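S.K.: Here is my input; please provide its structure:
(chains A and B)
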Amino acid sequence: MDNAVLKIDNLKKVIGKRTIVSDISMELKPGEIFGFLGPNGAGKSTTIKMIGGLSKITEGNIFINGCSVKDDFKGAMLNIGCIVENPDMYKYMSGLDNLRIFAKMYKGVDEARINEIVKIVDLERAIKDKVKTYSLGMKQRLGIGQALLHNPKLLILDEPTNGLDPAGIKDMRNLLKKLAKETELTVFISSHILGEMQQICDRVCIINNGKIITVKTVDEILNMTAEDGKTVLLVRTDDNEKAASLLSNMDIHGSVMNDGIHVQTTQNRVPTIITALATAGIAVYGMDKQDAQSLEDVFMKLTGEGK
Amino acid sequence: MGNFLTLVSIENTKLWKRISAKVMLIIMVVLIILGVGIYKYYTVKNNVSNTTTVSENWKENLKKSVAFEKTLLNKMENSTSKIDALSIGPTKKAIAEEEFSLNNNIKPQSKPSIWTRVTTFYMQGFDGLIILFTVIACSASVAGEFSEGTMKMMISRPYRRFEILSAKLIATIIYAIVLSITTFVIMFLFWGILFGFDGISGKEMLWVNNKIFYVPSVLRAIILLGLDFLQAIVFITIAFAISAISRSRSIATGFSIFLVTFGVSIITALAEFFTWGKFLPLAVTNFAGYISIGTQISGTSLSFALIISLAYSVLFCFLGYFIFEKRDI
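M.R.: Alright, predicted model coming up:
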């Protein structure tokens, strides 16, 4: 892929004797929203910091729009807008002054562009207030605003939905999708809120212990686990304990929870379960198929966090 | 270069947008007005004369004084006391000035010029305050950005790290210049209004390199202020390096304030009593003192002080830059 907006090539970071990440390689297309998933300490932030030039690269290379972060730092940084960790802005200044400061660092970002950005991130009312009076959601939006000022090709967001309320998350999702579609902006998001990533991303990369586990489209990942045919049934009866022990005698395992028994099984054994329960005289109030194919389940399986 | 100047202007904006930067300037103005005002009140209340009467036979008096100081100097030079050694330089300066007056038939002034009086007043602590305020601003600009997390916002930009750091250093120095000029101008005007602008175009003796130069008072004031400002630069580079290395605003501010207040007194004391002391950083940074008072620390001179301070400043700057450049943010 020649037109990769972000190309990471065998990236490795070693601090002291500890290898934080290794063998990280990926390529991002224009207009793609790419999710970077992994448990805490997996190496997400370290990777993002190397992309943004905050952390030195031990081995490998990163290219942003063809410019190497190592050898052509200025060229690489011209095409990138990012928020790393928290959207830390100058608290003693107004949002507008913050934007003006960052705008000055690039050629051709004028007052009209700043006003446009303020509208895009919907901060018109508060933009003249000091940033210390902002809510976390407003800071996130201001952070995205400063990252977009110079029309970068790549937007890097580190846990952008942290501290946002559901409406705020929805707004951000719509904003990012719109930007990716209309301006061919490539968005690289790290997050641990998986439901969120499932809704927004085209492709995701799952990383654990500093290594990539898989890079696939969201659809591919969801279908991948459906293949083994496993499903989870939520069975509600008048005597959950009894029902569970009955099922486990049949080598069907389930766990009793407040809302019922979560039974792990395959589609073709469902009739057997119904018959068995009915024969034992257990009243069955309901049997619902749980959506087992959420990104979260896949993530838990792949990273081994669920066990 | 155009790009770099933009960066300097950005740092300058950020520095002045901090309320503390404005507050420190206001404190300075208030202290000047209070200081000069109280001094005026004191002289009026206690009827202190601002002039000394110079008698007609001033030449005779000067000759006597020179003779006395020479015996004194002789005694001091043969003494092993470190305390005595401190007065050798100032005594030499006094003898040279008096002999210059005699040789060139310059009658001693009944009152020093406004330039000299304001410069002396300025160096009675106001210069220290300027250093203190600048060091605080420097720590906020460099270490403060680490503490507030905004440094990472600065790094992922189309600028090299050393450019960002240099812009901060220059913005801090500009702040020091603004503070110094404002302080001197306001002090000069206020002093002139209360005590008169006498001697504004007069000439005075300047003691440099064991020689007397007879120069306009204003030039002498500018040279003294310039040397005094170089002292501020030395402190700025040290505070700057501490900020870049420690990355913690509280540590950087605390340590820098300690250096400006107690640290420098301790180091100066070491330099006064031990011969190796003069090689310590900050030991011989009172550059203006070599001219206004005379050499106090034996074995040093103005050029020695400037060279050793320059070497330390370069070393500290290098350390700050090197670590900032290498480190993960």
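S.K.: Please make it C-alpha for all contacts and neighbour counts, starting now.
M.R.: Noted.
S.K.: Next up, the contacts around residue 187.
M.R.: Because you didn't say which chain, this covers chain A. For A:Val187, the contacting residues are A:31-34, A:154-157, A:176, A:180, by CA atoms under 8 Å, 6 or more residues apart in numbering or on different chains.
S.K.: actually chain B
M.R.: B:32-33, B:36, B:118, B:122.
S.K.: Now the contacts of A:Val187 in JSON lines, please, with extra columns for secondary structure.
M.R.: Shown next, in JSON lines, are those (DSSP: H, G, I helix; E, B strand; the rest coil):
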{"residue": "A:Gly31", "secondary structure": "coil"}
{"residue": "A:Glu32", "secondary structure": "coil"}
{"residue": "A:Ile33", "secondary structure": "strand"}
{"residue": "A:Phe34", "secondary structure": "strand"}
{"residue": "A:Leu154", "secondary structure": "strand"}
{"residue": "A:Leu155", "secondary structure": "strand"}
{"residue": "A:Ile156", "secondary structure": "strand"}
{"residue": "A:Leu157", "secondary structure": "strand"}
{"residue": "A:Leu176", "secondary structure": "helix"}
{"residue": "A:Ala180", "secondary structure": "helix"}
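S.K.: Which of the residues you listed lies at the shortest distance from A:Tyr92?
M.R.: A:Leu157 (23.5 Å; CA to CA).
S.K.: Over in the stretch 101-250 of chain B, which residue gets nearest chain A? Let me know.
M.R.: B:Pro158 (4.1 Å; CA to the nearest CA).
S.K.: which ones are touching the residue nearest to that residue when sequence neighbours are not counted?
M.R.: Closest residue in space to B:Pro158, ignoring its immediate chain neighbours: A:Lys74 at 4.1 Å, by CA to CA, 6 or more residues apart in numbering or on different chains. Counting by CA under 8 Å, 6+ apart, A:Lys74 touches B:157-160.
S.K.: Could I get the pLDDT score of A:Lys74?
M.R.: Listed pLDDT for A:Lys74 reads 93.
S.K.: ok, and it, which helix or strand is that part of?
M.R.: helix A:73-78 (DSSP states H and E).
S.K.: Which SSE is immediately downstream of that helix?
M.R.: strand A:80-83.
S.K.: Let me see the ranges of the strands in the chain.
M.R.: Let's take chain A. A:6-15, A:18-28, A:33-37, A:59-64, A:67-68, A:80-83, A:154-158, A:186-191, A:203-208, A:211-217, A:230-237, A:254-257, A:260-266, A:284-290 (DSSP state E).
S.K.: sorry, should have said chain B
M.R.: Using DSSP E, strands in chain B cover B:203-208, B:211-216.
S.K.: Okay, now the sheet partners of the last one, with direction.
M.R.: Using DSSP bridges, the neighbouring strands of strand B:211-216 in the sheet come out as strand B:203-208 (antiparallel).
S.K.: Going by neighbour count, list what's buried in the strand it pairs with.
M.R.: For strand B:203-208, burial by neighbour count (16 or more other CA atoms under 10 Å in any protein chain shown) applies to B:203-207.
S.K.: Just to be sure, which of the contacts of A:Lys74 are found in helices?
M.R.: Among the contacts of A:Lys74, no member is found in helices (DSSP state H).
S.K.: How far does the helix or strand of chain B with the lowest mean pLDDT sit from its chain's centre?
M.R.: Sorting the helices and strands of chain B by mean pLDDT, DSSP states H and E puts helix B:82-86 at the bottom, at a mean of 83. Offset of helix B:82-86 from its chain centre (CA atoms, centre = their mean, to the nearest Å): 23 Å.
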